[in-house]
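Student: here is my input, please return the structure:
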Amino acid sequence: MFSQQIISDLQQVLNASVADQGIPGAVVYLSTTDGIWSGASGVSNLKTNTPMKPRDRFRIGSISKLFLAVVILQLMEEDKIDLNDTLIDWLSEEICDFIPNSHKITIRQLLNHTSGLADYLNTDEFNTALETTNPNHLWTATEAITYAYDLEPLSPPGKKFHYSNPNYILLELIVEAVTENTLAREMCDRIHTPLGLIDTFTEMREEIPGGFVEGYADWDEDGETDNVTRRNDGVGLGDGGLISTAPDVARFIQGLFIEDKLLAAETLEKMLTWVEDREGGYYGLGISAWNSDWGEIWGHTGNTGGFLSTCWFLPNQDITVVVLTNTADTALPDDIAAGVLDVVLADEEED
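Tutor: Next comes the predicted model:
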């Protein structure tokens, strides 16, 4: 167990970060061989000033990609797919005819973002659609992928890393084609239920009892903070559709990397086969890696609709850190995670 001094120092780091970064609120979950600490700071709703709680739910954005990657790799373990299968092996001509290099792009290249496909998130067509779409509109992967149709490839398949959300929209479509089931159902059956993730849901695909915290951003760039929780930018899809809590995300990370409850050892080896991300780090199959002062770190970040998040796993120390925040403008969740590690690892060095 952590000492009271360490607990006090961790909470102080979180409180100071929320204040200094101008974040409405944030939560942290930390798990080490010495103990577990979860903390919250700030508010979950600026209008009501509701205090943030450690088990509050957030949109976790692209951390969802790691969940989807696990589903794909489980299907591979079941011999239902091969990582060298191409788009045309699983998707209809109506889709493949409009995706450049669909006869060459493999499932592995979708997973590690080496497909060369351009992202549609910043295109005028997609953003115009967002402005005119009803907030209650239930986006489908089939609809979302149309905004990637005929976009000029950024590189030939397998040649370079380009982080691109359509890769994971296509993976969602592949899961649906292979299983004849929704991705939300497969995630629930394969990950959430086995690990006991009682606070993890796919937005707009599942009922979320009690909802989740409010998310904020200066959406119209007028200098004022806006509540953007109800803005529908394609929520609930495979590239970033999950709602979760810091304890649930940490439980997922530990089930995957410490307890080996989701994938076989040889499959994890495939997941952790890296390509350079051209920013000094690496990317595997749904997961990032980078070197730090504390050694190698595996993890992922999330940025979506008023929320920024990060999850870190330090394999050499069996340490898991999850930081969830409810703003997309000023939050620096990686800095909060680093501050937390400074506290606990500096304490270990002193011991």
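
Student: CA atoms only for stretch 214-228 - export them in CSV, please.
Tutor: Extracted in CSV, the C-alpha atoms of stretch 214-228 (Å, rounded to 0.1, in the frame of the first residue of the first chain):
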residue,chain,number,x,y,z
GLU,A,214,-19.8,16.4,-19.8
GLY,A,215,-17.0,17.2,-22.3
TYR,A,216,-15.8,20.7,-23.2
ALA,A,217,-14.0,22.6,-26.0
ASP,A,218,-13.9,25.9,-27.7
TRP,A,219,-15.7,24.5,-30.7
ASP,A,220,-16.4,27.8,-32.5
GLU,A,221,-13.1,29.3,-31.5
ASP,A,222,-14.6,32.4,-29.9
GLY,A,223,-12.5,32.1,-26.8
GLU,A,224,-15.4,30.6,-24.7
THR,A,225,-15.7,27.1,-23.4
ASP,A,226,-18.5,25.1,-25.0
ASN,A,227,-20.2,22.0,-23.8
VAL,A,228,-19.7,19.7,-26.8
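
Student: if you count neighbours, what's buried in it?
Tutor: Across stretch 214-228, burial judged by 16 or more other Cβ atoms under 10 Å covers 214-217, 219, 225-228. For the C-beta atoms, the positions are set from N, CA and C on the backbone; glycine is no exception.

Student: closest one of those to A246?
Tutor: Each of these was scored against A246 by Cβ to Cβ, and G215 proved nearest at 15.4 Å.

Student: contacts only, for the residue found closest to the closest one once you drop the neighbours it is linked to in the chain.
Tutor: If the residues on either side of it in the chain are set aside, G215 comes closest to G306, at 2.3 Å by Cβ to Cβ, 6 or more residues apart in numbering. Residues counted as contacts of G306 (Cβ atoms under 8 Å, 6 or more residues apart in numbering) are 59, 214-217, 227-229, 231, 326-328.

Student: the stretch 151-300 of the chain: strands as residue ranges?
Tutor: 201-202, 216-217, 226-227, 242-244, 275-276, 282-283, 288-292, 295-304 (DSSP state E, counting those that start in this stretch).

Student: which residues sit against stretch 200-213?
Tutor: The contact list for stretch 200-213 (Cβ under 8 Å, 6+ apart) reads 25, 44-45, 52, 56-59, 138-139, 182-184, 187-188, 191-192, 235-236, 241-245, 248, 252, 326.

Student: just say which of the strands of the stretch 151-300 of the chain is most tucked in.
Tutor: strand 242-244 (a mean of 29; mean count of other Cβ atoms under 10 Å).

Student: who does that strand touch, helix- and strand-wise?
Tutor: Applying 3 or more Cβ pairs under 8 Å, 6 or more residues apart in numbering; DSSP states H and E, we find strand 242-244 packed against strand 58-59, strand 201-202.

Student: what about stretch 294-306, distance to the chain center?
Tutor: 8 Å (Cα atoms, centre = their mean, to the nearest Å).

Student: now the residue most central in space within the chain: how far from D9?
Tutor: Geometric centre of the chain, nearest residue: I63, 1.1 Å, by Cα atoms, centre = their mean. Counting by Cβ to Cβ, to the nearest Å, the gap from I63 to D9 is 26 Å.

Student: residues contacting the residue nearest to the centre of the chain?
Tutor: Residues near I63 by Cβ under 8 Å, 6+ apart: 240, 242, 244, 249, 300-302, 309-311.

Student: cool, and L183?
Tutor: 68, 71, 141, 172, 175-176, 202, 238.

Student: redo the residues you listed as TSV? Include pLDDT.
Tutor: Output for those, formatted as TSV (pLDDT from 0 to 100):
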residue	pLDDT
L68	98
V71	98
A141	97
E172	98
V175	98
E176	98
T202	98
G238	97
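
Student: looking at those residues, which is nearest D85?
Tutor: Distance to D85 across those (Cβ to Cβ) is lowest for V175, with 12.6 Å.

Student: any idea which element I95 lies in?
Tutor: Secondary structure from DSSP states H and E places I95 in helix 93-96.

Student: pull that helix out as PDB, backbone CA atoms only.
Tutor: Only the C-alpha atoms of helix 93-96 are listed here, as PDB (Å, rounded to 0.1, in the frame of the first residue of the first chain):
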ATOM      1  CA  GLU A  93     -17.300  -4.500 -54.100                       C
ATOM      2  CA  GLU A  94     -19.500  -1.500 -53.200                       C
ATOM      3  CA  ILE A  95     -16.800  -0.500 -50.700                       C
ATOM      4  CA  CYS A  96     -13.600  -1.900 -52.200                       C
END
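
Student: after that helix, next one along is what?
Tutor: Later in the chain than helix 93-96, the nearest helix or strand by DSSP H and E is helix 107-111.

Student: distance of S292 relative to N112?
Tutor: 21 Å.

Student: where does pLDDT dip in the chain?
Tutor: Along the chain, segments meeting pLDDT under 70 span 347-351.

Student: between the helices and strands packed on strand 242-244, which one is closest to E131.
Tutor: Between E131 and the helices and strands packed on strand 242-244, the shortest separation by Cβ to Cβ is 19.9 Å, and it involves strand 58-59.
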